[in-house]
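1. Predicted model follows, preceded by the sequence.
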Amino acid sequence: MKVLIAEDDPITLDAIESSLRAEGFTTLTARNGKEALQSWEKNHPDLVCLDIMMPEIGGYEVCRQIRATDSRIPIIFLSAKSEEVDVVLGLELGADDFVRKPFGRRELLARIHAALRRAASRQPVPHSFKMRDLIIYPDELRAMRGKREIELSPREAKLLTILYENAGRPVNRDTFLDRCWGMEYYPESRTLDQHMANLRKLIERDPSKPEIIETVRGAGYRYRPA
C-alpha cells in the first residue's frame, strides 16, 4: 500500500513517514500542495494524508482537484484547524476523515486502516450507471436526463452510487453516514435527510413523488428499479 503524505512541517512529516514505514506502508512525501498533486498524478497512491495549511496550493484545493477525477481514493485531512466549520468543509469536499493535530501515532494508523478497509469493501463503481431515466457519471460528478446535464457534488454522487449498489434493498442511515461522512464524524441526525431532500430536487422529475430516492420508514432509503 502506498500512502502520500502532504505536510509542510518537516518534523511532523518525518514522524508520520517513520510510523507508516514501520507499519509496512510505502510512503510518498510532498512539502506543498503542488508537489502533492504532482505525486498523486504520477504515483497513484492508495491513500492521501493531506495537511490543510500548505504553501503553493492549500489542502482544500488539492482535495477538490483530486475529487474532480477520482471519487474513490481515501483522503484524510491532518490539521490544527479544529472548528466544526473546518471539519465540515473538508468532508463536504469529499475527504474520508479529519484528524486534528496534535494526534498520536496509534490514532493516525487506526484511522488510515479504517479508511482503507472502507475503500476495499466498496464495489467497483462503473464509469456510468442508469437509474430510471437518469444516467449518472460518478467520477465526472454529473448526471444526464436526455440532453440536460445535472451537476453533482462528490457527496451527492456517492449517495447515488450507494443506492445503485443496493438496488431494490433499503440502505440504513448508518451506512450512508459511514461511507459519506466517515465513521468518526457523524453529523446531526437531520443532515442526511436534508441532503436527500436537496438531491431529490436535483434529479427527480417530481420531488414530491420521488421515483429514484424512496424513503423506507424506519429503515432508510431505497432505489427501486422500474
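-> Okay, I see it. The structure displayed is predicted, hence computed values, not measured ones. Numbering: from 1, shown residues only.
2. residues of the helix or strand where Ser39 lies that come out buried?
-> Element membership for Ser39, per DSSP states H and E: helix 33-43. Of the residues in helix 33-43, Gly33, Glu35, Ala36, Leu37, Ser39, Trp40 count as buried by neighbour count, 16 or more other C-beta atoms under 10 Å. All C-beta atoms are positioned from the backbone trio N, CA, C, and that covers glycine.
3. where does the chain have low pLDDT?
-> 82-83, 122-126, 182-189 (pLDDT under 70).
4. Which parts of it belong to which domain?
-> Domain ranges of the chain: 2-121, 129-222, per automatic domain parsing.
5. separation between the residue most central in space within the chain and Val62?
-> By C-alpha atoms, centre = their mean, the chain has its centre lying nearest to Gly94, at 3.6 Å. Distance of Gly94 to Val62, computed by C-beta to C-beta, to the nearest Å: 11 Å.
6. One more: Leu108?
-> Look at Leu108 and Val62: by C-beta to C-beta, they are 19 Å apart.
7. More neighbours: these two, which one.
-> Taking other C-beta atoms under 10 Å, Leu108 and Val62 do not tie; Val62 has more neighbours (27 against 20).
8. any idea how far the nearest residue to that one once chain neighbours are set aside is from Glu61?
-> Leaving aside its sequence neighbours, Val62 sits nearest to Gly33 (C-beta to C-beta, 6 or more residues apart in numbering; 4.6 Å). Separation of Gly33 from Glu61 (C-beta to C-beta) stands at 7 Å.
9. Please look at the residue nearest to the centre of the chain and Arg67 and confirm they touch.
-> Yes: applying C-beta atoms under 8 Å, one finds Gly94 in contact with Arg67, separated by 4.0 Å.
10. tell me, what's touching these two both at once?
-> Ile75, Pro154 (C-beta atoms under 8 Å, 6 or more residues apart in numbering).
11. coming back round to it: distance between the helix holding Ser39 and the chain's centre?
-> Computed by C-alpha atoms, centre = their mean, to the nearest Å, the chain-centroid distance of helix 33-43 equals 18 Å.
12. same check, this time on stretch 174-183
-> Distance of stretch 174-183 from the chain centroid (C-alpha atoms, centre = their mean) equals 10 Å.
13. What of stretch 146-166?
-> 13 Å.
14. got the buried residues for it?
-> 152-166.
15. So for it, first residue to last residue, what's the gap.
-> For stretch 146-166, the separation between the terminal residues is 24 Å (C-alpha to C-alpha, to the nearest Å).
16. OK, contacts around Glu149?
-> Taking C-beta under 8 Å, 6+ apart as the contact definition, Glu149 lies against Arg142, Ala143.
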